[in-house]
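Asks: Show me how the following folds:
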Amino acid sequence: MRRSLRPFLLLSLLLSLFACALMTASAAPDDAPSQVTQLLHAKDQALLDAIAPGQVQVWDEVLADNAVYVDENGVIMDRAAFLKQLTPLSAGASGTLVIAAYQAALHGDVATVIHTDDETENYHGQVLKARYLTTETWQKSGDDWKLLLIHTYAMLQDPPAQKLSPKELDDYAGRYTAGDLIYVLHRDGDRLIGQREGGSPVEWNAELRDVFFNAGQPRIRRIFQRDAKGNVIGFVDRRESWDVVWKKQNRD
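Replies: Numbers count the residues shown, from 1 in each chain. Next up, the predicted model:
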């Protein structure tokens, strides 16, 4: 009597599905075990500590042979180029970089890391502050971890706001156009309020005379333009180096 192959085929199918599930689970990222996170955290803090004094050896021991570093200005450097520019701070300057938040995830022998770092710099007697967001890719090499990729981003913050008089704010009030777009500015007490047609009102904060920003949008500046008599004739909406030009249509 010929034995049916159906039970064997079913068993093979179940085993295949189980194997695929295991492969998928092993390939999925997972939070790094605490000991790995602690190890990488310690390595990263040591790397940050080595920047101000320009301790090349600390970085040389950690960077993989094909490591790439992307700095806060968008400059891409290979291993050799990065180590070459790693020099001590100039005379009269000193500083510290401290990890404020840290998270790591494992992908097999690869770990991805995100950390934020607080910088305090004493620059010729003046204290400067900055915060950086850094993303990294680490790879396990034998019993150690090597750093493959670093990307550091300078986290922008709002500048301090200046107080302008009601008369100064009145200079900016009016209706502005950019193509088919319309924007209206008006003074509300000691505040300058702007509203794009169809949008919500937002307060404009003065960084200095003729230069404004909106809270929470540190990449953008509004820079007013004046004619030879000092009258406001428009403003540019500047995001980094790119401008949208607005022309003033009337004056209050």
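Asks: so where does Glu168 fall, helix or strand?
Replies: Here Glu168 sits within helix 166-170, counting by DSSP states H and E.
Asks: Output the contacting helices and strands for the next helix or strand after that helix.
Replies: Scanning forward in sequence from helix 166-170 by DSSP H and E, the next helix or strand is strand 174-178. Applying 3 or more C-beta pairs under 8 Å, 6 or more residues apart in numbering; DSSP states H and E, one finds that strand 174-178 makes contact with strand 181-188, strand 232-239, strand 242-248. For the C-beta atoms, the positions are set from N, CA and C on the backbone; glycine is no exception.
Asks: quick check: angle from whatever helix or strand comes next after the first one to strand 174-178?
Replies: Which is strand 181-188. Note on strand 181-188: by DSSP H and E, the next helix or strand toward the C-terminus is strand 191-196. Per axes from the mean of the first three to the mean of the last three C-alpha atoms, to 10 degrees, the angle that strand 191-196 makes with strand 174-178 is 40 degrees.
Asks: So which bits of strand 191-196 are buried?
Replies: Residues of strand 191-196 classed as buried: Leu192, Ile193, Gly194 (neighbour count, 16 or more other C-beta atoms under 10 Å).
Asks: OK, contacts around the last one?
Replies: Put plainly, it is Gly194. With contact taken as C-beta atoms under 8 Å, 6 or more residues apart in numbering, Gly194 is in contact with Tyr183, Val184, Leu185, Pro201, Val202, Glu203, Trp204.
Asks: which regions of the stretch 151-252 of the chain lie under the pLDDT threshold?
Replies: Along the stretch 151-252 of the chain, the model assigns pLDDT under 70 to residues 250-252.
Asks: any idea of the mean pLDDT in stretch 74-82?
Replies: Mean pLDDT, stretch 74-82: 97.
Asks: what residues does the helix holding Glu168 touch?
Replies: The set of residues external to helix 166-170 that reach it, using C-beta under 8 Å, 6+ apart, is Arg187, Gly189, Asp190, Arg191, Leu192, Arg209, Asp252.
Asks: For those residues, please prepare JSON lines with the additional fields distance to Trp59.
Replies: Listed next are those as JSON lines, based on distance: C-beta to C-beta, whole Å:
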{"residue": "Arg187", "distance to Trp59": "53"}
{"residue": "Gly189", "distance to Trp59": "54"}
{"residue": "Asp190", "distance to Trp59": "51"}
{"residue": "Arg191", "distance to Trp59": "49"}
{"residue": "Leu192", "distance to Trp59": "48"}
{"residue": "Arg209", "distance to Trp59": "44"}
{"residue": "Asp252", "distance to Trp59": "58"}
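Asks: Outside of stretch 230-249 itself, list whatever touches it.
Replies: Residues external to stretch 230-249 that are found in contact with it (C-beta under 8 Å, 6+ apart): 171-172, 174-178, 181, 183, 219-227, 251.
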